[in-house]
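Student: Provided below are the primary sequence and the corresponding predicted coordinates.
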Amino acid sequence: MPDPLSRGISPQQQAIEEELVRTVTASFDGTADGRLKELMQSLTRHVHSFIREVRLTEDEWKAGIAFLTAVGDITDDKRQEFVLLSDVLGASMQTVAVNNTAHSTATEATVFGPFFLQDSPEIAIGGDIAAGAPGEPCWIEGAVTDTDGAPIPRARIEVWEADEDGLYDVQYGDGRMSGRARLHTDEQGRYAFWGLTPVPYPIPFDGPVGKMLESTGRSPVRAAHLHFMVTAPQRRPLVTHIFVRGDEQLDIGDSVFGVKESLIKDFTRHPAGTPTPDGRNLGGKQWSRTRFDIVLAPAGA
Ligand code: BEZ
Ligand code: FE
């Protein structure tokens with residue numbers, strides 16, 4: 001297989017390009033911080049390989065700089081377009097993969113996303129996270145255990161999700177807090193709460209990342225999901241979601257590559273009037289139910 005960096009390039013030209021890579025890489029030789037040196041030298045090699053492999057034109061270089069400038073321009077303390085760019089390039093998920101290495105039966109991690117809030121309300125087991133957010137009620141229950149199957153009492157579970165219109169509370173910009181809460185497992189490691197049956201929704205696509213998706217024929221839509229962050233002493237923190245089996249978006253594709261087969265759950269639908277697990281009266285609404293058992297890896301795994 002011919003080297004993609006030297007395909008169709010004369011040996012003289014190849015030598016010029018390789019000499020530049022060597023010179024730039026060597027410019028970081030004196031970096032005192034060994035890790036920073038490794039990062040900068042590897043970045044240099046990869047950026048140069050990209051430019052050489054695609055034979056980047058000067059107009060393309062300018063377009064790339066204009067794109068990154070637009071990503072910076074729209075970024076502020078509420079909108080992080082660089083993270084969104086990392087998400088749609090799969091770079092966020094690759095970083096999640098590298099940092100949450102597969103461990104025994106531990107639940108798989110997935111992308112964090114921009115809609116977590118530090119101070120969501122605490123609810124009791126069986127409480128409702130919707131807090132007025134519209135959508136079909138969904139009973140979510142499960143247990144948190146370690147990889148030996150031992151229950152983890154008092155594990156902290158934070159959950160957040162979009163409403164039936166595909167919007168998180170923070171996207172309304174009116175200070176509401178809904179569709180999110182935190183709760184703790186009981187002495188047997190069990191938890192349960194009412195939430196909303198997740199629906200597919202688009203990531204913010206009104207900026208340069210959205211334009212890039214459009215020009216490449218990609219959809220901004222995420223498969224329906226519910227976010228979890230689970231922490232407990234001596235356990236590796238877990239940031240993950242559950243997805244809805246049968247959601248068509250699972251076949252079309254998740255715009256940020258967050259789906260793992262092990263995280264797709266059955267959500268069983270129950271007609272209006274069917275008794276609920278905790279006897280709650282849903283006032284004639286249909287509802288759904290799912291189970292998500294969570295296994296935490298040991299800290300440092
Ligand atoms: C989310 O699931 O909330 C999300 C993830 C990545 C980018 C945008 C939104
Ligand atoms: Fe989300």
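Tutor: Cool, got the structure. Ligands and ions are numbered 1, 2, ... in the order given.

Student: find me the pLDDT at the residue nearest to Glu187 when sequence neighbours are not counted, would you?
Tutor: Spatial nearest neighbour of Glu187, excluding adjacent residues (Cβ to Cβ, 6 or more residues apart in numbering): Pro153 at 4.8 Å. Using the backbone N, CA and C atoms, a C-beta is placed for each residue, glycine as well. At Pro153, the pLDDT value in this model is 98.

Student: okay, now the residue of the chain found nearest ligand 1: neighbour count?
Tutor: Residue nearest to ligand 1 within the chain: Gly113 (2.8 Å; Cβ to the nearest ligand atom). Residues near Gly113, counting by other Cβ atoms under 10 Å, number 20.

Student: now do the contacts for it.
Tutor: Counting by Cβ atoms under 8 Å, 6 or more residues apart in numbering, Gly113 touches 87, 227, 256.

Student: equivalent analysis for Lys37, please.
Tutor: With Cβ under 8 Å, 6+ apart, Lys37 has these contacts: 28-29, 31.

Student: just among the residues you listed, which is most surrounded?
Tutor: Greatest neighbour count in the contacts of Lys37, by other Cβ under 10 Å, goes to Phe28: 16 neighbours.

Student: around ligand 1, pick out the residues from the stretch 151-300 of the chain.
Tutor: Proximity of the stretch 151-300 of the chain to ligand 1, by Cβ under 6 Å from any ligand atom, involves residues 203, 222, 256.

Student: swap in 5 Å and give it another go.
Tutor: When proximity is defined as Cβ under 5 Å from any ligand atom, the stretch 151-300 of the chain approaches ligand 1 at 203, 256.

Student: can you list the residue ranges for helices in the stretch 151-300 of the chain?
Tutor: Ranges of helices in the stretch 151-300 of the chain, per DSSP state H, counting those that start in this stretch, are 208-215, 249-252.

Student: next one: the stretch 1-150 of the chain
Tutor: Applying DSSP H, counting those that start in this stretch to the stretch 1-150 of the chain gives helices spanning 11-26, 34-54, 58-74, 81-88, 91-99.

Student: out of these, the one nearest Leu213 is which?
Tutor: Taking Cβ to Cβ, helix 81-88 is the member of those nearest to Leu213, at 6.4 Å.
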